[in-house]
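Q: have a look at this fold, sequence not included:
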């Protein structure tokens, strides 16, 4: 209920942020509601690069943060590529914003790139959004996806093509997105190396 003003009871996502508090200022009554402005960490990548495995390990390693896998709500929200998944991104930013009021920053594992998140209304409640994406060699990505159980439906030519294109796009464009994305190549790292790298990357920015 963070978006409900505790003074007048009106609902608004797009409150003005006064960073001197920080305060979320109600556009209806101008009440300044103090809140914790936390950073948010987004761990992304194409399917098959290791996001889910990393997320499971980070939960126990990174006790100073709340680590969540975004796919836990997949299929429960109307999602459309036509609007660049903005509803999906805004929902997760809202969840992370509310969880962050407990004093622990949030790490979200799941596909996310800056142009899906930076323009969301809920973005204003975070100090910084940090992006790290997992990538790997193209042939290794195909091998990983084809070795998955049938129920995951990652074997089709269309899905393989989409994931390969996304993997290539990330490797090509990570340095020019705004803000830029940190790349973590999992091709020749075991899971322990990858998780340790990501945990250190997060801790350096806390």
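A: Happy to help now that I have it. Quantities reported herein were computed from a predicted structural model and do not represent experimental measurements. Residues are numbered from 1 along each chain as shown.

Q: may I see the buried residues of whichever strand or helix holds residue 192?
A: If you go by DSSP states H and E, residue 192 is part of helix 191-203. With burial defined by 16 or more other CB atoms under 10 Å, the residues of helix 191-203 counted as buried are 194-195, 197-199, 202. C-beta coordinates here come from the backbone N, C-alpha and C atoms, glycine included.

Q: one more: stretch 121-137?
A: Using 16+ other CB under 10 Å as the burial criterion, the residues of stretch 121-137 that qualify are 122, 124-126, 129-136.

Q: domain boundaries for this protein, per the record?
A: Domains of the chain are assigned by automatic domain parsing as 1-35, 36-203.

Q: would you mind giving those as a markdown table with mean pLDDT added?
A: Below are the domains of the chain laid out as a markdown table (pLDDT from 0 to 100):
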| stretch | mean pLDDT |
| --- | --- |
| domain 1-35 | 93 |
| domain 36-203 | 91 |
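
Q: of the ones you listed, flag the one that's most buried.
A: domain 36-203 (a mean of 17; mean count of other CB atoms under 10 Å).

Q: does the spatially most central residue of the chain count as helix, strand or coil?
A: Centroid-nearest residue in the chain, with CA atoms, centre = their mean: residue 42, separated by 3.2 Å. Under DSSP: H, G, I helix; E, B strand; the rest coil, residue 42 falls in the strand class.

Q: ok, it - contacts?
A: Going by CB atoms under 8 Å, 6 or more residues apart in numbering, residue 42 touches 107-108, 110, 112, 117, 129-132.

Q: try it again at 7 Å.
A: Neighbouring residues of residue 42 by CB atoms under 7 Å, 6 or more residues apart in numbering: 108, 112, 129-131.

Q: quick one: which of these sit in strands?
A: Under the assignment DSSP state E, the contacts of residue 42 contribute 108, 129-131 to strands.

Q: okay, those residues in CSV with distance to residue 206 next?
A: As requested, these are exported to CSV (distance: CB to CB, whole Å):
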residue, distance to residue 206
108, 15
129, 14
130, 10
131, 16
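
Q: what helices or strands is the helix ranked longest in the chain leaning on?
A: The helix that spans the most residues within the chain, counting by DSSP state H, is helix 157-173. Counting contacts by 3 or more CB pairs under 7 Å, 6 or more residues apart in numbering; DSSP states H and E, helix 157-173 is packed against strand 129-135, helix 138-146.

Q: identify the residues contacting the shortest one?
A: Applying CB under 7 Å, 6+ apart, the contact partners of strand 129-135 are 39-45, 49-51, 54, 114, 117-118, 123, 167, 170-171, 174, 179, 181-186, 198, 201, 205.

Q: same thing but at 6 Å, please
A: 40-45, 49-50, 117, 167, 170-171, 181-186, 205 (CB atoms under 6 Å, 6 or more residues apart in numbering).

Q: what pairs with it, parallel or antiparallel?
A: Using DSSP bridges, strand 129-135 pairs in its sheet with strand 40-45 (parallel), strand 182-185 (parallel).

Q: report the distance from that strand to the chain centre.
A: 8 Å (CA atoms, centre = their mean, to the nearest Å).
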